[in-house]
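Asker: A predicted structure for the sequence below; I have some questions about it.
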Number of protein chains: 2
Amino acid sequence: MMEQIADILKKNQLSITEGRKKILNMFLNSPGALAHADIEKNTDASFDRVTVYRTLQTFVEKGIIHNIPTTDNSILYALCKDNCEAGHHHDNHVHFICDVCDKTICLENVIIPEVKLPKGFTQKQTDVVISGICNKCK
Amino acid sequence: MMEQIADILKKNQLSITEGRKKILNMFLNSPGALAHADIEKNTDASFDRVTVYRTLQTFVEKGIIHNIPTTDNSILYALCKDNCEAGHHHDNHVHFICDVCDKTICLENVIIPEVKLPKGFTQKQTDVVISGICNKCK
DNA sequence: ACATTTTTGCACCAATGTTGCAAAAAATAA
DNA sequence: TTATTTTTTGCAACATTGGTGCAAAAATGT
Ligand SMILES: [Mn+2]
Ligand SMILES: [Mn+2]
Ligand SMILES: [Zn+2]
Ligand SMILES: [Zn+2]
């Protein structure tokens, strides 16, 4: 496991540090998406807040994690399981937010349907976020 | 125009105040979505920040405006053109964010496609946010 | 082990959003 | 209209979230 983590970091030309290993490990073990606050909570304040912010930014830039749109103003992050590259993500799955447990889950198998836009609009990225009750809370 | 505004407020059992009229008017005249900051800018600081926040909250609760998910942590609001009620919105259109002009537009005519979820998931609301280049920036 | 590059922690700042409470404004009653 | 009640506003104070510059610390390459 710790090998896998170091590999991911190496593959992305990132120095292997405690913070990055710990945070990446959290993502690998988390079934759902994580917010900055979740990460800070689970690391026992062993890292500075700023380090967490910068680590998340770096991971997004490298294509290791992607972020998920929300209606409240929180930024959520989840592992990219599609083969995303630095600077360009190819996630094309639906995200689900449970109204009960409040968790956000990547539905890797539910691919985003095509949407036809009016003339003149060029489509780059499509995000689909569905809310309701998840399979565990049902 | 000012009549229409007063009507909307009355219909929703809201006191008719300067602030609410001004903010509602902004929404009626805006082609795209508005953020809190946009509203504060256009009202020349004639209202307190808190009043703007509370007005937006109230409008959302009453079903006059709805909010739009974003990837950065900003909350956007737009007029509900579907017949939304207090406590329950029925917006089912796609939202478009332009990477060039950075405006968010309600594509009222592009309805959200059906998405089939895995067993155990109950679907309440679906948000589709598409980014790219809008018809004016093209 | 040493020099170089990268990352971290700290202090400080800025934007965003919330709450309690008294003053002001709007709606309702008289 | 004026008086009373209800609602809304403004202010102050606070919390949370996120970003920047810079020196210290850690990681990398030789
Ligand atoms: Mn995802
Ligand atoms: Mn809309
Ligand atoms: Zn759930
Ligand atoms: Zn545009």
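Answerer: Thanks, I have it. Ligands and ions are numbered 1, 2, ... in the order given.
Asker: so, in contact with chain B or not, the biggest helix by length in chain A?
Answerer: In chain A, ranked by residue count with DSSP state H as the criterion, the top helix is helix A:49-62. No: with Cβ under 8 Å from any Cβ of the partner chain as the measure, helix A:49-62 is seen stopping short of chain B, the closest distance being 10.0 Å. Heads up, the C-betas are built off the backbone N, CA and C, glycines and all.
Asker: Can that helix be said to contact ligand 1?
Answerer: No: against ligand 1, helix A:49-62 shows no contacts by Cβ under 5 Å from the ion, the least distance being 12.2 Å.
Asker: That helix: what's the following helix or strand?
Answerer: The first helix or strand that comes after helix A:49-62 along the chain, using DSSP states H and E, is strand A:65-68.
Asker: and that following strand, what other elements does it pack with?
Answerer: Contacts defined by 3 or more Cβ pairs under 8 Å, 6 or more residues apart in numbering or on different chains; DSSP states H and E place strand A:65-68 against helix A:49-62, strand A:76-79.
Asker: quick one: average pLDDT of the longest helix of chain A?
Answerer: In this model, helix A:49-62 has a mean pLDDT of 96.
Asker: Could you check that helix against DNA strand D for contacts?
Answerer: Yes: using Cβ under 7 Å from any atom of the strand, a contact is recorded between helix A:49-62 and DNA strand D, made by A:R49, A:V50, A:Y53, A:R54, A:Q57.
Asker: Now the buried members of those.
Answerer: When neighbours are counted using 16 or more other Cβ atoms under 10 Å in any protein chain shown, the residues of helix A:49-62 next to DNA strand D contain no buried positions.
Asker: Three-state assignment for A:I97, please.
Answerer: Under DSSP: H, G, I helix; E, B strand; the rest coil, A:I97 falls in the strand class.
Asker: ok, back up a step: among the helices and strands packed on strand A:65-68, which is nearest ligand 4?
Answerer: Nearest of the helices and strands packed on strand A:65-68 to ligand 4, taken as Cβ to the ion: helix A:49-62 at 23.6 Å.
Asker: coming back round to it: among the residues of helix A:49-62 next to DNA strand D, which are in reach of DNA strand C?
Answerer: Residues of the residues of helix A:49-62 next to DNA strand D in contact with DNA strand C (Cβ under 7 Å from any atom of the strand): A:V50, A:R54.
Asker: Could you point out which of the residues of helix A:49-62 next to DNA strand D is nearest to DNA strand C?
Answerer: Distance to DNA strand C, by Cβ to the nearest atom of the strand, is smallest for A:V50 among the residues of helix A:49-62 next to DNA strand D, at 4.2 Å.
Asker: Now stretch A:86-101: buried residues?
Answerer: Neighbour counts over stretch A:86-101 (16+ other Cβ under 10 Å) mark A:H89, A:D91, A:H93, A:V94, A:H95, A:F96, A:I97, A:C98 as buried.
Asker: can you redo these as TSV with distance to ligand 4 and pLDDT?
Answerer: Putting the buried residues of stretch A:86-101 into TSV (distance: Cβ to the ion, whole Å; pLDDT from 0 to 100) gives the following:
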residue	distance to ligand 4	pLDDT
A:H89	21	72
A:D91	23	79
A:H93	27	91
A:V94	26	94
A:H95	25	93
A:F96	30	93
A:I97	28	91
A:C98	34	91
